[in-house]
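**Student:** Sharing a model prediction with you, sequence too.
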Amino acid sequence: MDDSIVFFEASQRGANRLDRILDIYHQGSGQLVNREKSAVFFNGNCTDEMKKEVLQTLEIDKEALAEKYLGLPTALGRSTKEAFEYMPSKIKGLVGSWSGRAASCAGREVLLKSKAQAIPTYPISCFLILKSTCKKMKTFIANY
């Protein structure tokens, strides 16, 4: 199994439970979690003392500070506008690079469906995207 995300309470009790679950998984499957490759991502409300305690209990050295995981933001605040602004920009760049090419109506449709409309598919399946961001993407596609 690769790339699993487990959510738990950042406390001694939560870390002990997760450790037991990982041990049961090991006993049942014969597979060990590689703790050297593992990382823990903490909520902003977690104290440094608690972080240290959880990391020691789980025997994991790394605290994850990644901004993105699988291309999506790991921590979103109340405003998602900036987090997903890359989508309209990417679509605008794609459409702009195609503008000089002479393509039939069917050719343009294939380009749009295979490239431009594929960009927001995964993020939209995971997050609610602002209408203004969707409108920008729609405008770039419609203008092409």
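**Tutor:** Happy to help now that I have it.

**Student:** Go through stretch 80-96 and flag the buried ones.
**Tutor:** Buried residues in stretch 80-96, counted by 16 or more other CB atoms under 10 Å: 80, 83-84, 87-88, 90-92, 94-95. For glycine as for every other residue, the C-beta is placed from the backbone atoms N, C-alpha and C.

**Student:** Also stretch 134-144?
**Tutor:** 136-137, 140-141, 144.

**Student:** picking that back up, quick one, which of the buried residues of stretch 80-96 has the minimum pLDDT?
**Tutor:** When those are compared by pLDDT, residue 80 scores lowest at 71.

**Student:** Kindly list the longest helix within this protein.
**Tutor:** The helix that spans the most residues within the chain, counting by DSSP state H, is helix 12-29.

**Student:** Report the strands that pair with the helix or strand just after that helix, each with its relative direction.
**Tutor:** Next helix or strand after helix 12-29 toward the C-terminus (DSSP states H and E): strand 39-40. Strand 39-40 has these partner strands in its sheet, going by DSSP bridges: strand 62-63 (parallel).

**Student:** who touches the strand it pairs with?
**Tutor:** Outside of strand 62-63, the residues within contact range by CB atoms under 8 Å, 6 or more residues apart in numbering are 38-42, 51, 55.

**Student:** Then stretch 103-120?
**Tutor:** Residues from elsewhere that reach stretch 103-120 (CB under 8 Å, 6+ apart): 87, 90-91, 94-95, 98, 129, 134, 137, 140-141, 144.

**Student:** Please consider this matter closed, and thank you.
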